[in-house]
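> Need the 3D shape of this:
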Amino acid sequence: MKRIIYMLILFMIFFGACEEKIDVYEGASGIYFDPTEAVLDTIVVPWGLKNLDIKTQNMNLRVCLLGDVADYDRKFTIQVIADEQDTLSAVEGEDFRLLQKEYAILAGKADALVEIELLRADDLIERPRRFTLRLEETPELGFLYSRMQTLIDTAQVTSLRAIDYQRVIHMDERFQTPVWWSLYGENFFGKFSTKKAIFICDQMGYDREDFVASFVESGLNEGKLRFAARYLHEYLQEHPELDEDGEPMTMGPDAQK
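So this is what the prediction gives:
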């Protein structure tokens, strides 16, 4: 019996110590961007897979709460960080729109969504765009958590930077190589480039997302691709196009047979 009482006392002491250690956020709450949405702090938006007539798309960034939920709304704001030295800097109102800049972690909730409308610039293939959104700390919602990134400056001095209080949105016309390209791409269409892939899809009326998918998903097949290559070879003879390297765009060797 004495042994049981002794074990109970030890358990109560240990439990009390653990409870004291883990209750570190009592009285404090924080906000941070959901770390599962970005490897570091940059999110790449590849417009290349969207057909040419699609000029806008919406994206949401999740802001998470660290701490206890409350029975009242707690406001926070989003700041757009402009870098005049950045040649790829996006312009608010021309390249993107924030539907609002003031948000709130609502009563009883543990997150909120920041809504952004992305706008597709006509020259995006020549000049990608990027912009930075940063959370603003408030007395009710501070900065309590973030993953850290190691930075090394020109003097080789190492420092750490919190990466979950901001998000860099990078937009370009990136176009992934189709899954079937290794089998037919080089022979039918020649060397792959984003500009050439866009040209093929726009001229042939292919949906861009279907174009990069497998034959089972896209409905394409060897015969359709061969026809497209030959048609585009003839088209380029009368309507020359420059590829990304500045050289005339050409199709592959099988397109000329």
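> Tell me how this structure divides into domains.
30-172, 181-256 (automatic domain parsing).
> and those domains as CSV, adding mean pLDDT?
Below are those laid out as CSV (pLDDT from 0 to 100):
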stretch, mean pLDDT
domain 30-172, 92
domain 181-256, 92
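> Those into TSV, with extra columns for mean neighbour count?
(Each C-beta comes from the backbone N, C-alpha and C, glycine too.) Listed next are those as TSV, based on neighbours: other C-beta atoms under 10 Å:
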stretch	mean neighbour count
domain 30-172	15
domain 181-256	16
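> A197: which element?
helix 194-204 (DSSP states H and E).
> Could you name the helices and strands sitting against that helix?
Secondary-structure packing of helix 194-204 (3 or more C-beta pairs under 8 Å, 6 or more residues apart in numbering; DSSP states H and E): helix 208-211, helix 222-238.
> Give me the contacts around the shortest one.
Read that as helix 208-211. 48-51, 175, 178, 197-198, 200-201, 217-220 (C-beta atoms under 8 Å, 6 or more residues apart in numbering).
> Could you rerun that using 7 Å?
For helix 208-211, contacts defined as C-beta atoms under 7 Å, 6 or more residues apart in numbering pick out G48, L49, K50, N51, P178, C201, S218, G219.
> and the fifth one, helix, strand or coil?
It refers to P178. Put simply, P178 is coil when judged by DSSP: H, G, I helix; E, B strand; the rest coil.
> For it, give me its contacts.
P178 neighbours (C-beta under 7 Å, 6+ apart): G185, F211, V212.
> 8 Å instead, please
G185, A197, F211, V212, A213.
> Same check on the third one?
Taking C-beta under 8 Å, 6+ apart, we find K50 in contact with Q57, R120, R208.
> correct me, but G252 touches W181?
No. G252 lies out of contact with W181 (C-beta atoms under 8 Å); the separation is 10.8 Å.
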